[in-house]
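Asker: here is a sequence with its predicted model. Questions after.
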Amino acid sequence: MKLLPAAEIETKRNPDSAVIWLHGLGADGNDFSPIVPELRIPLDLGIRFIFPHAPAIPVTVNGGFVMPAWYDILEMDIDRKIDSAGLLRSADQINGFIDRELERGIDSTRIIVAGFSQGGAVAYQVALSHKEQLGGLLAMSTYFATSDAISFSKTNKSIPLLIHHGSYDQVVPEKLGTNAASKLEKEGYTLQYQTYPMEHAVCPEQINDISHWLQTLLHK
């Protein structure tokens with residue numbers, strides 16, 4: 001499979017860990033690449049940040065306008081009717097990035113999948129169904145679109161799982177974040193759930209918390 005184009009940033013030469021970070025609808029990988037310096041990763045921690053660019057496709061709720069998207073949004077109630085086939089295609093494409101990191105010598109337990117909004121829905125699917133044990137899942141301002149259809153991986157039953165959501169989010173209401181957390185807890189997952197006084201965005205306090213989480217996971 002040919003990989004999607006992506007932006008890459010390495011915190012030092014020969015990194016031994018990777019974070020695959022998926023953007024939201026209408027953006028591209030460059031949307032989150034500026035966050036890397038703000039994470040203030042210590043000099044002794046080598047992380048390769050990978051920010052794939054979603055393909056440009058027509059998006060139904062935007063009148064068929066072509067824009068970067070991981071899958072089509074069919075209705076304004078984004079949790080009601082899901083373009084499952086498109087989401088699963090994107091998940092397969094992100095699995096390709098995981099495979100490449102394994103080929104580069106990164107241990108699967110040091111590969112973290114992160115996603116914001118629509119990218120977070122793909123991240124849920126990728127991390128919770130992946131056959132290899134992964135290092136963590138970060139889901140930001142998103143929803144668990146495939147919760148009723150996913151085949152959960154027993155290998156990743158104990159994956160470190162961090163869910164963030166804005167308490168004033170009107171694009172992806174926080175209820176969808178708490179629904180995801182409740183579903184996962186019922187499935188036996190242990191997770192951290194945190195809200196921030198923000199809309200559909202990322203805030204400085206959150207960036208600090210993400211940095212601490214990454215360092216805790218990868219300083220081993």
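Answerer: Yes, it's here.

Asker: going forward, measure contacts and count neighbours with C-alpha atoms only.
Answerer: Will do.

Asker: run a quick neighbour tally on the closest residue in space to L217 that isn't next to it in sequence.
Answerer: Among residues not flanking L217 along the chain, G135 sits closest, at 7.4 Å (C-alpha to C-alpha, 6 or more residues apart in numbering). Other residues near G135 come to 24 when the count uses other C-alpha atoms under 10 Å.

Asker: so G135 makes contact with I98?
Answerer: No. Taking contacts as C-alpha atoms under 8 Å, G135 lies outside contact range of I98: 11.4 Å.

Asker: overlap in contacts, the two.
Answerer: 108, 111 (C-alpha atoms under 8 Å, 6 or more residues apart in numbering).

Asker: mean confidence score for the longest helix along the chain?
Answerer: The helix that spans the most residues within the chain, counting by DSSP state H, is helix 84-103. For helix 84-103, mean pLDDT is 97.

Asker: buried stuff in it?
Answerer: Across helix 84-103, burial judged by 16 or more other C-alpha atoms under 10 Å covers 86-88, 90-98, 101.

Asker: most remote residue from the middle of the protein, which is it?
Answerer: Going by C-alpha atoms, centre = their mean, the residue of the chain most distant from its centre is G63, 26.2 Å out.

Asker: ramachandran angles for the closest residue to A6 other than its chain neighbours?
Answerer: The spatial neighbour of A6 that comes closest, neighbours along the chain excluded (C-alpha to C-alpha, 6+ apart), is P52 at 3.9 Å. Dihedral pair for P52: phi -60, psi 150, per degrees, to the nearest 10.

Asker: isn't P52 up against D28?
Answerer: Yes. Assessed by C-alpha under 8 Å, P52 is found in contact with D28 at 7.4 Å.

Asker: on that earlier part again, can you pull the contacts of the residue nearest to A6?
Answerer: Residues in contact with P52 (C-alpha under 8 Å, 6+ apart) are 4-7, 20-23, 28-29.

Asker: and the pLDDT at it?
Answerer: If you check P52, the pLDDT there is 98.

Asker: same question for N62.
Answerer: We have a pLDDT of 88 for N62.

Asker: and L74, by the same measure?
Answerer: You'll see L74 listed with a pLDDT of 87.

Asker: gap between it and T190?
Answerer: L74 sits 31 Å away from T190, going by C-alpha to C-alpha, to the nearest Å.

Asker: that's all I had, so thanks and see you.
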